[in-house]
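Student: need a 3D model of the sequence below.
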Amino acid sequence: MKVCGIELKSNQVILTVLEKQDDDIVIYVDLKIKKISLEDDECNESVKLFFSQVNSFLEENQIQKIFIKKRAKKGNFAGGPVTFKMEGLMQMNFICEVDLIAAATVNSYEKKNSIEFPSELKKYQVGSYLTALASF
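Tutor: Residues are numbered from 1 along each chain as shown. From the prediction side, this is the model:
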């Protein structure tokens with residue numbers, strides 16, 4: 001099963017794809033595309049392009065499920081309005097299911113497990129990688 005862990009930051013969707021094999025081994029899939037940006041959330045063409053890029057990524061990489069790390073809706077660490085727009089657009093994709101994972105769940109998973117990060121993983125992908133791992 002191929003899953004995509006997602007962390008939303010500013011106007012970017014940070015992507016990490018993991019594949020769980022029949023023997024329960026989880027493998028990091030190092031893809032060329034690691035981020036998709038929504039350049040101008042007030043421009044209809046930009047929003048449509050973002051939506052198209054997300055759907056193309058999911059289809060080309062045969063993603064079976066997306067897991068998005070939740071952001072707070074209010075308070076000091078609340079997610080920005082653009083991240084919620086991107087989340088909604090991803091939930092409307094035509095390819096696969098989308099689940100939201102609480103940040104506390106991801107943090108708890110990280111504390112309870114000794115995690116070895118793949119050498120190919122970019123530093124900015126750590127959050128999306130942990131989100132995907134916590135989904136298994």
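Student: which residue of the protein lies farthest from its centroid?
Tutor: Ranked by distance from the centre of the chain (C-alpha atoms, centre = their mean), the top residue is Asp23, with 24.1 Å.
Student: and stretch 94-104, C-alpha only, in CSV?
Tutor: Extracted as CSV, the C-alpha positions of stretch 94-104 are listed here (Å, rounded to 0.1, in the frame of the first residue of the first chain):
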residue,chain,number,x,y,z
PHE,A,94,-10.4,12.2,-7.4
ILE,A,95,-7.7,9.6,-6.7
CYS,A,96,-7.8,8.4,-3.1
GLU,A,97,-9.0,8.9,0.5
VAL,A,98,-7.8,11.6,2.8
ASP,A,99,-7.4,11.3,6.6
LEU,A,100,-6.3,13.9,9.1
ILE,A,101,-3.9,12.9,11.8
ALA,A,102,-3.5,15.0,15.0
ALA,A,103,-0.1,16.5,15.6
ALA,A,104,-0.2,14.8,19.1
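Student: and it, what's buried?
Tutor: Judged by neighbour count using 16 or more other C-beta atoms under 10 Å, the buried positions of stretch 94-104 are 95-96, 98, 101, 103. Where C-beta positions appear, they are placed from N, C-alpha and C, glycine not excepted.
Student: returning to what we had before: and the residue farthest from the centre of the chain, what element?
Tutor: Assigned by DSSP states H and E, Asp23 belongs to neither a helix nor a strand.
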